[in-house]
Every structure is written in C-alpha cells, then in structure tokens.
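Colleague: with the sequence up front, the predicted model follows.
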Amino acid sequence: DAKTTQPPSMDCAEGRAANLPCNHSTISGNEYVYWYRQIHSQGPQYIIHGLKNNETNEMASLIITEDRKSSTLILPHATLRDTAVYYCIVRGGGSEKLVFGKGMKLTVNP
Amino acid sequence: DTGVSQDPRHKITKRGQNVTFRCDPISEHNRLYWYRQTLGQGPEFLTYFQNEAQLEKSRLLSDRFSAERPKGSFSTLEIQRTEQGDSAMYLCASSLQAISTDTQYFGPGTRLTVL
C-alpha cells in the first residue's frame, strides 16, 4: 500500500503558484519523498525528490516539514500544461520499487 | 532524445494470443523496471532487473507473464494466453544504481487491449 495521502483533486489559476500537499506520517528516517506527474496517456514524469532538506530544480520546489511527516510540492507559476495527476511517493529502506497511490489531479484553469 | 523507449505503443490482440513488449532503457542505466497501470489507478510494480538479473517480482506477475533482460540492456515482457483483464498500460522505467537513492525515468508505455 502507498504510504502517502493526497487530496483527490485541486484547482489552480494559470500563472499562480500551485501548492500540492502530501502527508506521509509513517515515513522512516532513510526514506525519500519523490514526486512524479502523469499527463493523460503518457508515462509518469519525474519532478523532484528529497530526504530532509528543501529542494528546488527547474520544474518545482519541494518543502519537507522538520518532522518529515508531510511535504508540499510547489509549482511557482502554473501553466495549462501543468494539468496532470501528481503522485507523492515515499521510497527507500531497501525497497527499489515505487509504490503509487491514486495521486492528485491538478487542474490549471485559464 | 535518449529517454526510455517502448515498442509498440499500442497493441490490440484477441484473448488467448501471446504478446511481447520491448523496452530500451536510458543508455548506461543498469536497473530496469516494469509496471502496469489500469484505468483510474496509479502504476503497479511488476518486476525489476539489475543488469541481467531479475531481482524482484510482484505477486501480480502470474505464470503467464515472463520478463527478460538477456544482455543487461533492453528488456522484453511477454504475456501468454492473454485475458481481458490484462488490458492495461505497461510502463517501463530505468535508473542508474546509486549509493543513496536512484531516480526512475519512465517510458511512454505500451497500451494493451485484449478483445
């Protein structure tokens, strides 16, 4: 079973920041938080991952709380092309596979 | 573009037929994964290889499924005696083994429809 909880859906206005929450209250010390997204009928796309510290790349920022029980993916300026299902995944502890939940559908509106 | 590639992209077959899918990983990635995704669900892990060795198989991988990675490069996934329940998107991913964690990159998938 997935070790994360995400709301089923969220809307965001184009050009605004999209803040996507994820709860992972049972995360272990050596487990990473990964984010992927999937645009309809395509393979999942890697976005970002982190362990303890906040991370930023050209796509997004990842904010992990100090107790590591939750995180937020931030898309700083959402565009229509960011409409997708976003998956928050906890991985590590010797397990190589990704365990996907149902994810969260983000809809960016014009 | 040197991402993960999968062939074919779409496959329609009749129940009882055998099908084979191919995955070409990112060059020099030594790990290769297969996942299956049905409508409205997230991808589910099937199996993974490190080089040519198949190291883990899911209980989802019934006896009708077999995966190979003969030379540690491309991989094939074969489904024998297909059933309508096998209809799904079959996804391949690859990664480069690392000390701490490795990132999996996915291909576009093969959509299988069993009539």
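Modeller: Cool, the structure landed. Numbering: from 1, shown residues only, chains lettered A, B, ... in the order given.
Colleague: could you use CA atoms for every contact and neighbour count after this?
Modeller: Noted.
Colleague: correct me if wrong: B:E28 contacts B:S94.
Modeller: No. Under the criterion of Cα atoms under 8 Å, B:E28 is not in contact with B:S94, lying 9.6 Å apart.
Colleague: more neighbours: which of these two?
Modeller: B:S94 (28 against 12; other Cα atoms under 10 Å in any protein chain shown).
Colleague: list the contacts of whatever helix or strand the more buried one lives in.
Modeller: B:S94 is part of strand B:88-95 when elements are defined by DSSP states H and E. Strand B:88-95 is contacted by residues A:43, B:4, B:6, B:23, B:25-26, B:29-39, B:43, B:102-113 when judged by Cα atoms under 8 Å, 6 or more residues apart in numbering or on different chains.
Colleague: give the closest residue to the residue in chain B positioned nearest to chain A in space, chain neighbours not counted.
Modeller: Nearest residue of chain B to chain A, counting by Cα to the nearest Cα: B:P108, 4.5 Å away. Of all residues not flanking B:P108 in the chain, A:G43 sits nearest, at 4.5 Å (Cα to Cα, 6 or more residues apart in numbering or on different chains).
Colleague: surely the one you found is in contact with B:R111?
Modeller: No. Proximity of A:G43 to B:R111 does not meet the contact threshold set by Cα under 8 Å, at 10.8 Å.
Colleague: what about those two, which has more around it?
Modeller: Set A:G43 next to B:R111 and count neighbours by other Cα under 10 Å: A:G43 wins out with 24 against 21.
Colleague: helix or strand for that one, which one?
Modeller: Under the criterion of DSSP H and E, A:G43 resides outside all helices and strands.
Colleague: who's in contact with it?
Modeller: B:L91, B:F106, B:G107, B:P108, B:G109.
Colleague: and which of these is nearest to B:L55?
Modeller: B:L91 (17.8 Å; Cα to Cα).
Colleague: so what pLDDT did the closest one get?
Modeller: Model confidence at B:L91, given as pLDDT, is 98.
Colleague: same thing with A:D1?
Modeller: pLDDT, A:D1: 67.
Colleague: residue numbers of chain B in contact with chain A?
Modeller: Proximity of chain B to chain A is confined to B:33, B:40-45, B:48, B:91, B:101, B:103-109 under the rule Cα under 8 Å from any Cα of the partner chain.
Colleague: got a PyMOL select line for the buried ones in the residues you listed?
Modeller: In PyMOL, this line selects whichever of the residues of chain B next to chain A come out buried by 16 or more other Cα atoms under 10 Å in any protein chain shown:
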select buried, chain B and resi 33+42+43+44+45+48+91+101+103+104+105+106+107+108+109
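Colleague: surely the residue of chain B closest to chain A touches B:P8?
Modeller: No. Taking contacts as Cα under 8 Å, B:P108 lies outside contact range of B:P8: 10.1 Å.
Colleague: coming back round to it: in TSV, list the contacts of A:G43 along with secondary structure.
Modeller: Shown next, in TSV, are these (DSSP: H, G, I helix; E, B strand; the rest coil):
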residue	secondary structure
B:L91	strand
B:F106	strand
B:G107	coil
B:P108	coil
B:G109	coil
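Colleague: show me the two of those that sit farthest apart.
Modeller: Taking Cα to Cα, no two of the contacts of A:G43 sit farther apart than B:F106 and B:G109, at 8.0 Å.
Colleague: what residues does the helix or strand harbouring A:L106 touch?
Modeller: Assigned by DSSP H and E, A:L106 belongs to strand A:104-109. Strand A:104-109 is contacted from outside by A:6-14, A:78-87, using Cα under 8 Å, 6+ apart.
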